[in-house]
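> build me a model:
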Amino acid sequence: MTTDRGTAGRAAGVAGAEVRPVAGHIGAEITGVDLTGELDDAVVGLIREAVLRWKVVFFRDQRLDHAGHVAFARRFGEPVVLGRRGSASPAGFPEVETTADRLELGGRFGMEHEEWLQRRRHTLLRGWHCDHGA
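Below you'll find the predicted structure:
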């Protein structure tokens, strides 16, 4: 496997896959990988290295369903299953929590849906964010 820990303009690749940094210190795009198919250990190793090196990786034009996302995640460890999820999360996939679940939080804090949406636009709660630890 070829690796690159050098400048942002250089790429690393294996078995048709290629890692191209997209910024100076964070972020890389991985091409030549179909996440819906079987990934060999060399490609999984390349992806793991890219995540460790670049912290954020992008795969364009992938068409993963919930089962595909979970299968891909399992190549890197056991996905976190939350104790509570909202009703918008898909049944049968406890590892998948949708951002729509966050819209239910207003009721938990005694707010109408519209008030919750307005408040979260102007606080640290806005946008999508997820911290999970094993």
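> run through who's touching stretch 32-50.
Outside stretch 32-50, the residues that touch it by Cβ atoms under 8 Å, 6 or more residues apart in numbering are 1, 3, 12-19, 28, 30, 57, 59, 62-64, 68, 72, 75-76. In short, each C-beta sits where N, CA and C put it, glycine included.
> now do the SS call for Leu64.
When the structure is split into helix, strand and coil by DSSP: H, G, I helix; E, B strand; the rest coil, Leu64 lands in coil.
> surely it meets Phe72?
Yes. Counting by Cβ atoms under 8 Å, Leu64 sits close enough to Phe72 to count as a contact (6.7 Å).
> more neighbours: which of the two?
Looking at Leu64 and Phe72 with other Cβ atoms under 10 Å, you find the greater number of neighbours at Phe72, namely 18 against 13.
> which secondary structure element contains the residue nearest to the more buried one when sequence neighbours are not counted?
For Phe72, the nearest residue in space outside its immediate sequence neighbours is Leu35; the separation is 5.4 Å by Cβ to Cβ, 6 or more residues apart in numbering. In the assignment (DSSP states H and E), Leu35 maps to no helix and no strand.
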